[in-house]
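*Asks:* 3D, please:
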Amino acid sequence: MQSSLVLNGAYCDVVRGQLAAQEENRKKKTKGRLVGDGLPRLLTSAAFVERVIAFHNTAAKKAVELENRKVARVERAAAMAEWKELDTTRKTRNDEIRAQWKIEVLAWEAERDHMKALHKRPGWKKPTLKGLLFLTVPKPTFISGPSPDGNEPAGDHVSAVGSGSDSSSDSGDGSSDDY
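*Replies:* You can find the predicted model right below:
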């Protein structure tokens, strides 16, 4: 009899703790309602007025954050569109360079075969792509979070956008390295 009372008491303590934790969680989650528990309020009491002010402040803060995210999304889309355009330009230029390289390799192989028949070496080295192709443009990266000084949120911003190629050689068409 005594052991069952002790076990019942221990079980009740655990359940009371769980119930208290559940009620605390419900208090934290007001879900956008000022009066969420259904109890009557004195609308002029200081505690309720403070809750109304806090509610309006959080609503305004959420609206500003939403607007910042929308602006950041537009900026991110513009940066990605620019990057895609640069990347497709780079790919087409690299394809043109590869096509020219294949022609040069075919000419070199023809000369090599001709010189091999004469038991001589070709007069020039086999063409390589090293240094001719344009390197990839880095994708724009976006960092979200508070500003470095921690005072206000900085929102999303572009930290790096590629602006050209790192190749030092010319593609042979007389154009510059920038797109």
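*Asks:* Against Val71, how distant is the residue nearest the centre of the chain?
*Replies:* With distances taken as C-alpha atoms, centre = their mean, Phe142 lies nearest the centre of the chain, 4.9 Å away. Separation of Phe142 from Val71 (C-beta to C-beta, to the nearest Å): 12 Å. For glycine as for every other residue, the C-beta is placed from the backbone atoms N, C-alpha and C.
*Asks:* Tell me where this protein has strands.
*Replies:* 141-143, 157-160 (DSSP state E).
*Asks:* looking at these, which has the lowest confidence?
*Replies:* Among the strands of the chain, strand 157-160 carries the lowest mean pLDDT, at a mean of 46.
*Asks:* who's in contact with Ala107?
*Replies:* Listed by C-beta atoms under 8 Å, 6 or more residues apart in numbering, Ala107 has no contact partners.
*Asks:* pLDDT weak spots in the chain?
*Replies:* Of all residues in the chain, those with pLDDT under 70 make up the ranges 29-32, 36-39, 144-179.
*Asks:* rerun that using 50 as the cut-off
*Replies:* By pLDDT under 50, the low-scoring segments of the chain are 148, 150, 153-179.
*Asks:* Run through the helices of it in chain order.
*Replies:* 2-28, 46-117 (DSSP state H).
*Asks:* Is Leu86 in contact with Val137, as I believe?
*Replies:* Yes - the criterion here is C-beta atoms under 8 Å, and Leu86 meets it with Val137 at 4.9 Å.
*Asks:* If Phe142 is in a bridge, with which residues?
*Replies:* Val158 (DSSP bridges).
*Asks:* so it makes contact with Ala72?
*Replies:* Yes - counting by C-beta under 8 Å, Ala72 is a contact partner of Phe142 at 7.4 Å.
*Asks:* The closest residue to Trp108 other than its chain neighbours: how many residues sit nearby?
*Replies:* With C-beta to C-beta, 6 or more residues apart in numbering as the criterion, Trp108 has its nearest non-adjacent residue at 5.3 Å, and that residue is Lys126. Neighbourhood size, Lys126 [other C-beta atoms under 10 Å]: 10.
*Asks:* ditto for Arg93
*Replies:* Arg93: 19 neighbours (other C-beta under 10 Å).
*Asks:* how close does it sit to Pro140?
*Replies:* In this structure, Arg93 lies at 20 Å from Pro140, with C-beta to C-beta as the measure.
*Asks:* do the same with Trp83
*Replies:* Taken as C-beta to C-beta, the span from Trp83 to Pro140 is 6 Å.
*Asks:* same thing with Lys70?
*Replies:* For Lys70, the distance to Pro140 equals 18 Å [C-beta to C-beta].
*Asks:* Kindly report the same for Val14.
*Replies:* Distance of Val14 to Pro140, computed by C-beta to C-beta: 53 Å.
*Asks:* for Leu118, same thing?
*Replies:* For Leu118, the distance to Pro140 - C-beta to C-beta - is 56 Å.
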